[in-house]
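**Q** Fold the following.
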Amino acid sequence: MEITSNFPIVIADILSKINMLDNPETVSRAVASAIMPEMRKRIHVDGNNSKGSKIGTYSAAYLKLRQRKYNRTADSDVIISLTRQLENSYVLGATQNSYNISFSTPLSFDKATWMEEKYGKIWDLTIEEQDIASLVANEETKKIMQ
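**A** Okay, the predicted model is just below:
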């Protein structure tokens, strides 16, 4: 008498699901999609850097230019937003093994680089954004492994 088992089928199903976790279209894309609006708000609305503190303060001369020429507020907190070109150029960037948040133009990338040279780390994830990334990754993993 021969005993049969569904063990090979179950293991194959589990291994297939584990392989899906390595697919950039699943977890990393979901994480990047969730983080992008959080990062945009933190930097371009709240004016906070990667440590969660204010990015900096605009000089009086620059503040006058922002108000006069670009009709911006008198708030001196740096929000790295003048023409909105930089903040509107965020894109999900696919790499070979994952997704990240990038910029749609080389000029926007250069602007971000210049701002970090002047003010320090801005585009690194904050602790809160890292927590969101972990939460989203865990949720996506649960969906896949069901």
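
**Q** Could you use CA atoms for every contact and neighbour count after this?
**A** Will do.

**Q** May I see the buried residues of the helix-or-strand element of the chain with minimal mean pLDDT?
**A** In the chain, no helix or strand scores lower on mean pLDDT, DSSP states H and E than helix 7-21, which sits at a mean of 83. Neighbour counts using 16 or more other CA atoms under 10 Å place 17, 20-21 of helix 7-21 among the buried residues.

**Q** name the helices or strands packed onto that helix?
**A** Using 3 or more CA pairs under 8 Å, 6 or more residues apart in numbering; DSSP states H and E, the elements in contact with helix 7-21 are helix 127-145.

**Q** what is the rounded mean pLDDT of the helix it packs on?
**A** Helix 127-145 carries an average pLDDT of 93.

**Q** cool, and stretch 44-59?
**A** Mean pLDDT, stretch 44-59: 95.

**Q** outside of that stretch, which residues touch it?
**A** Residues from elsewhere that reach stretch 44-59 (CA atoms under 8 Å, 6 or more residues apart in numbering): 42-43, 76-81, 87, 119-127.

**Q** Check which residues of that stretch are buried.
**A** Here stretch 44-59 shows 44, 46-50, 52, 54-56, 58 as buried, counting by 16+ other CA under 10 Å.

**Q** Now it - C-alpha only, CSV.
**A** Provided in CSV are the C-alpha atoms of stretch 44-59 (Å, rounded to 0.1, in the frame of the first residue of the first chain):
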residue,chain,number,x,y,z
HIS,A,44,8.2,70.5,0.5
VAL,A,45,5.3,71.3,2.9
ASP,A,46,6.6,70.8,6.4
GLY,A,47,10.3,71.7,5.6
ASN,A,48,11.8,68.9,7.5
ASN,A,49,15.1,67.1,6.9
SER,A,50,15.9,63.4,7.3
LYS,A,51,16.3,63.8,11.0
GLY,A,52,12.9,65.3,11.4
SER,A,53,14.1,68.8,12.1
LYS,A,54,13.8,72.0,10.0
ILE,A,55,15.9,72.0,6.9
GLY,A,56,17.0,75.5,7.4
THR,A,57,16.0,79.2,7.1
TYR,A,58,15.9,81.3,4.0
SER,A,59,18.0,84.4,3.9
